[in-house]
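>>> Would you be able to build a 3D model of this:
(chains A and B)
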Amino acid sequence: MGRGKGLSQLEEYVLLCLVRLGDEAYGVPIHQEIEERTQRSISIATVYTALDRLEKEGFVRSRLSSPLPERGGRAKRLYRLSVEGATALQRARRVLDSMWEGVDLTGEVGL
Amino acid sequence: MAHLSDDPFPRAPTLWHRLLRLLATEADRAYLLDDLEERFRLLAERDGIPAARRWYRRQAALSLLPLTRRRLAAAGTALPGLLRSIGAFTMTDLIHSLRLLRKNLGTTTAAVVSLVIGITLNATIFSVVDWLWLSASPFGEPDRIVRLFAADREGRLDDFDYSDFEAIRDQTSTMEDVTAVEFHGAMLTGGDGTTRTMLVEVTDRNYFDVLELRPSAGIVYHAGDDPETAAEPGVVISYSLWQREFGGDPELVGNPIQLTGRTVTVLGVAPRGYSGIRRQAPADVWYPVQTWWGPSASEGHRGGAFIPLGRIAPETEVDQVQAELGTVMARLDIRDEVTQTPMEAVVMTDAAYQTRNYGGAGALLLALVAVVLIIACANVAGLQLARTLARQQEMAIRVALGGRRARLIRQLLVEGLVVSIIALVLSLALSRMVLAALPSLLPPQPVFMEWGFGLDGRVLGFTVVLALFSALVFSLPPALRASRPDMVDVLKGNDLTTTRSGRPVRGLSVLVVGQLALSLVLVSTTALLLRSFLNTQVADLGIDRNNVLVSWILPRMDEEQLLVFYADLVERTEALPGVRRATMARTVPFYPSGGGATQAVYATDASGSTLPQGAAVKFNLVGPGYFDMLGISVPRGRPVTDQDGPGDQRVALVNETLAARVWPGEDPVGRTLRLGGPEADPVLVVGVAEDGKYNDLEETQEPYLYLPFSQMRWGEVLLLVETEGDPNLLAPDVRRVIGSLSPESYLLPQTTLVGLLRDATYDWELMALALGVFAVLGLVLAVVGLYGVSSHAVNRRRREIGIRIALGADGRRILRLILDQGGRLILLGAGLGIPGAMAVGLVLRGSLFGVSPLDPLSLVGATLILGLVTLTAVLLPSRKAASVEPLTVIRYE
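Numbering: from 1, shown residues only, chains lettered A, B, ... in the order given. Next comes the predicted model:
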């Protein structure tokens, strides 16, 4: 039942977040970024499910950070975009662009 | 990074946090939960704690399903074929399920409500039982702590004299150390002059060391305290008392408090949550025995009721301790006080002791709520089955198009899982509310109770497992059944929820019959316990409970003043309007304290006596009019009168049992007894009082002695007042009289004889109440199930019924047709339920009072109630069927 090398919308969002956040991306900022930009509540577990699959497909790489020397400091799993992930994102962008080519919504259905 | 606000450290909602921890896999716990926590703290700083808590709850709710899925997927790799493919359900399954459940909002609601009733009840009861019975012992290395008892021939457990305890402590080697505990009541005088009663554990000085309990503030007393310190009355108080009465004031440690007229120093505070060695009767004060009793405690003080607790030596078994205790007891020649037969040694670990006390009731409660949950699951299974059968066309098409069976089963299981997760969340919220409200919903407690139950991690774990297990129970059978569609029937478009003869398919009938049988068991068990409770209320106690107000007084004056005080008290009280008469007594039946005091009885002028010389016989001191007021008849001789004054001939009344033991076949009136020693002055027996119960409803008939109140001094006394109307109304007046005569004296909240009896039967009342609730819920669930199935069946047969009516069948015939079918199910259910109920009755034999385990009234009554209610459930849809308009139906088709 694999979904091949395609990206779901959420996975696309997650990859874009990694680009935006750079090297220090981990669960909290990714989740926060998606919630704030999409104005939707999603569960952090869903974000991790997406990250897990992306890692399995080779689109992201993860590593453990050393624990922070502060109260509540802990090890974090940090994620970054892989070359394959960047390619997949570009492909997705191209698909979307080509779908949008020549489409003009002005005047359509009252817009 | 923004500086995190330090104290108070914002805390995520505990319940949700625990739930997530429970569901999450280990890897998720490490990152995902910490991430949630981190964002929670960031939000708390930005938007405030309430907003952050709201966010957390929302996040947690959203995460439940994905987390479960991740969990199952992680576990799935270890599972074979079918199970793995079920575990690996996809978002598509989930969305499909949610859509279907929303489409069938009616059945979904019915299923969720049924499950919520079942799960909430189980979570609530489990949390109570867990607290009383299963929860971990508060002692350090609890497996090594044992309780020592002396058992009589009937296995009843008894405690030890202090001197016996000392001998046991010194003469045993299988235990590292032994301590001992005795229970007493005490009064704490607050700053505002009001008094509160509380339970005191009077203990040996090594108590905290043997049990390995560390104070949460201040210090505790030790065996090795130097004699100077040990002579000062210093006590340890409970954390709960510290918080309740003193607001957790740290200044309290080292300062004095007033305890029943004594000034004692608070040394320290016991561990938080620790309430002594008996969980159901929490103690608030720990008091060293030497300062409570004075030095006599350690100088061979006879009497007392001490429970020794020992710490077993390493690599020693409980059996070895018991054998050694037996030897020591034989050497000490410890005998039963009344029968004078040697006592057996009994040694129990703490866990065994909890099981002995609460295991029976706990297991019964858990079993009965499990029955309610099974009924609820059967309901949901019925609903699922009816719904999935109605979806056979979908299934058949999926199968025809090559859909795999495992995939179909998975789809149905996911639906079940969704339903039960919704029910789980609602149930947890509901049981939290129920548990919070429970103490105030219960009948008023005889003693102050601190309820230690709540939704802790164990309860949560239990509930989650229960919900997931229920999901499997109620959705697997329908899933298996429905994933094998009968292609021919489906393609012909036949109705699949009824067989060709129009009856509901077998699965549905089996469910309904099972539910009815289980409900019958529930209802009849409830009837048995209810009857036991009612029997305790009318039991022959040898007392006539009328309007008697009971006021406990601890006078503070010297001997000479006392007699005048008592005489004035009775006279002034009798002068109050609404008072018939008043008298004094040391105690009354079922009074919670003072029931155990005894006199050593020597019957020197009785040749045929079967009572051993020096037997300890319980006694009461009673004033004139006592027997009349309590309705205790005196068949021979005379009661205590005004003539029995302090300087007159010492007299006594014996109860019928004592008379028969000492003077079998003879008239005891005019004979004498010696009390306290064989050489003591003789006491003249002037009458025989009828037998009764003295301390406990279940006690066997004991010998008993009544002595005139004025011929013996006693510290604590009761003023008994018989009133014209409600005795409670006169309580303030009587209090005022006592206060005006002796403002110094201590008083306890007043009670009545009826109130005392109610307290004595509290356990039965509680059990009857709990079971009543279970039975009603079980019955409601079963009836809803039956109603659902029968109205479903009627709906499906509308066309047939329409045709029948068109062909001339009248309403009554149609009614009979439907009733016939429902009636058959009811009969079958009763046929299975009655033997089940009888079996449960036999198991419960020990917990019944004055009612046979096979009590026909309970059985027949339960069957009738069930029959009546379920017939209604069948009748309602049948009436609808009988009023079918044939034209409408046929045209509709």
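>>> Where does the residue of the stretch 701-850 of chain B found nearest chain A sit, in terms of helix or strand?
Closest to chain A within the stretch 701-850 of chain B is residue B:781: 32.9 Å, counting by Cβ to the nearest Cβ. The C-beta positions use only the backbone N, C-alpha and C, and glycine is treated the same way. Per DSSP states H and E: residue B:781 is located in helix B:762-796.
>>> in the stretch 551-700 of chain B, which spans are strands?
Remark: strands assigned in the stretch 551-700 of chain B by DSSP state E, counting those that start in this stretch are B:579-585, B:598-602, B:615-622, B:636-637, B:651-655, B:672-675, B:682-689.
>>> So for the shortest one, mean pLDDT?
This points to strand B:636-637. Mean per-residue pLDDT for strand B:636-637: 92.
>>> Sheet partners, orientation included, of it?
strand B:682-689 (antiparallel) (DSSP bridges).
>>> What are the contacting residues of the strand it pairs with?
Residues from elsewhere that reach strand B:682-689 (Cβ atoms under 8 Å, 6 or more residues apart in numbering or on different chains): B:604, B:627, B:632-639, B:649-656, B:659, B:668-675, B:704, B:706-707.
>>> ranges for the helices of chain A?
Under the criterion DSSP state H, chain A contains helices at A:9-21, A:27-38, A:44-56, A:83-100.
>>> Tell me which of the ones you listed approaches residue B:879 most closely.
Nearest of these to residue B:879, taken as Cβ to Cβ: helix A:44-56 at 50.5 Å.
>>> Tell me if the closest one is near chain B.
Yes - judged by Cβ under 8 Å from any Cβ of the partner chain, helix A:44-56 comes into contact with chain B at A:44-46, A:48-49.
>>> got JSON lines for the residues you listed, with pLDDT and neighbour count too?
Listed next are those as JSON lines, based on pLDDT from 0 to 100; neighbours: other Cβ atoms under 10 Å in any protein chain shown:
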{"residue": "A:44", "pLDDT": "86", "neighbour count": "28"}
{"residue": "A:45", "pLDDT": "85", "neighbour count": "27"}
{"residue": "A:46", "pLDDT": "86", "neighbour count": "21"}
{"residue": "A:48", "pLDDT": "88", "neighbour count": "24"}
{"residue": "A:49", "pLDDT": "86", "neighbour count": "20"}
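>>> Among those, which one sits closest to chain B?
Comparing the residues of helix A:44-56 next to chain B against chain B with Cβ to the nearest Cβ places residue A:45 closest, at 3.7 Å.
>>> What residues does the closest one make contact with?
By Cβ under 8 Å, 6+ apart, the contact list for residue A:45 reads B:28, B:32, B:62-63, B:66-67, B:70.
>>> one more time with 7 Å
Contact analysis of residue A:45 by Cβ atoms under 7 Å, 6 or more residues apart in numbering or on different chains lists B:32, B:63, B:66-67, B:70.
>>> cool, and residue A:38?
By Cβ under 7 Å, 6+ apart, the residues touching residue A:38 are residue A:13.
>>> Against chain B, how distant is it?
14 Å (Cβ to the nearest Cβ, to the nearest Å).
>>> So residue B:181 belongs to a strand, correct?
Yes - according to DSSP: H, G, I helix; E, B strand; the rest coil, residue B:181 belongs to a strand.
>>> Next one, pLDDT for it please.
The model's pLDDT for residue B:181 equals 92.
>>> Next one: it from chain A, what distance?
For residue B:181, the distance to chain A equals 43 Å [Cβ to the nearest Cβ].
>>> mind checking how far that residue is from residue B:737?
38 Å (Cβ to Cβ, to the nearest Å).
>>> For residue B:177, pull up the helix or strand it's in.
Using DSSP H and E, residue B:177 falls within strand B:175-189.
>>> Chain B contacts on chain A?
A:1, A:27-28, A:31-32, A:41, A:43-46, A:48-49, A:71, A:74, A:77 (Cβ under 7 Å from any Cβ of the partner chain).
>>> Give me the most central residue, chain A.
Residue closest to the average C-alpha location in chain A (Cα atoms, centre = their mean): residue A:14, at 1.0 Å.
>>> That residue: what's its closest spatial neighbour, skipping adjacent residues?
The shortest distance from residue A:14 to any residue other than its chain neighbours is 5.0 Å, reached at residue A:50 (Cβ to Cβ, 6 or more residues apart in numbering or on different chains).
>>> That neighbour: neighbouring residues, count only.
Neighbours of residue A:50 under the rule other Cβ atoms under 10 Å in any protein chain shown: 23.
>>> what's the helix or strand following the strand holding residue B:177 in contact with?
As assigned by DSSP H and E, the chain's next helix or strand after strand B:175-189 is strand B:195-203. Applying Cβ under 7 Å, 6+ apart, the external contacts of strand B:195-203 come out as B:179-190, B:241, B:276, B:281-289, B:292, B:746, B:748.
>>> What of stretch A:46-57?
Contacts of stretch A:46-57 (Cβ under 7 Å, 6+ apart): A:5, A:10-11, A:14-15, A:27, A:30-31, A:34, A:60, A:62, A:79, A:85, B:28, B:32, B:66, B:70.
>>> Look up how far residue B:885 lies from residue B:802.
As judged by Cβ to Cβ, residue B:802 and residue B:885 stand 7 Å apart.
>>> try residue B:167
From residue B:167 across to residue B:885, the span is 91 Å (Cβ to Cβ).
>>> okay, the two: which has more neighbours?
Set side by side, residue B:167 and residue B:885 show more neighbours around residue B:167, with 18 against 13, by other Cβ under 10 Å.
>>> ok so, going back, just checking, what packs against the helix holding residue B:781?
Counting contacts by 3 or more Cβ pairs under 7 Å, 6 or more residues apart in numbering or on different chains; DSSP states H and E, helix B:762-796 is packed against helix B:105-129, helix B:360-390, helix B:506-538, helix B:856-882.
>>> How far does it sit from its chain's centre?
22 Å (Cα atoms, centre = their mean, to the nearest Å).
>>> now do stretch B:23-39
On Cα atoms, centre = their mean, the centre of stretch B:23-39 falls 37 Å from the chain's centre.
>>> Please name the residues that touch residue B:143.
Contact analysis of residue B:143 by Cβ under 7 Å, 6+ apart lists residue B:349.
>>> Torsion angles phi and psi at it?
For residue B:143, the backbone dihedrals are phi -70, psi -20 (criterion: degrees, to the nearest 10).
>>> Quick check: it vs chain A, distance?
On the measure of Cβ to the nearest Cβ, residue B:143 and chain A end up 35 Å apart.
>>> What of residue B:466?
From residue B:466 to chain A the distance is 23 Å (Cβ to the nearest Cβ).
>>> any low-confidence regions in chain A?
A:1-5, A:68-73, A:107-111 (pLDDT under 70).
>>> Excluding chain neighbours, give the residue nearest to residue 43 in space.
All of this refers to chain A. Of all residues not flanking residue A:43 in the chain, residue B:62 sits nearest, at 3.5 Å (Cβ to Cβ, 6+ apart).
>>> other chain: chain B
In space, and not counting its chain neighbours, residue B:43 is closest to residue B:52: 4.0 Å by Cβ to Cβ, 6+ apart.
>>> got the contact list for residue B:831?
If you count contacts by Cβ under 7 Å, 6+ apart, residue B:831 has none.
>>> what about it, helix or strand, and which?
helix B:811-843.
>>> Toward the C-terminus from the strand or helix carrying residue B:707, list the very next helix or strand.
Residue B:707 belongs to strand B:704-708 when assigned by DSSP H and E. With elements assigned by DSSP H and E, the helix or strand that comes after strand B:704-708 is strand B:717-723.
>>> Please work out the average pLDDT along the helix or strand just after that following strand.
Note on strand B:717-723: by DSSP H and E, the next helix or strand toward the C-terminus is helix B:727-741. Across helix B:727-741, pLDDT averages out at 88.
>>> May I see the buried residues of helix B:727-741?
For helix B:727-741, burial by neighbour count (16 or more other Cβ atoms under 10 Å in any protein chain shown) applies to B:727, B:730-731, B:733-734, B:737-738, B:741.
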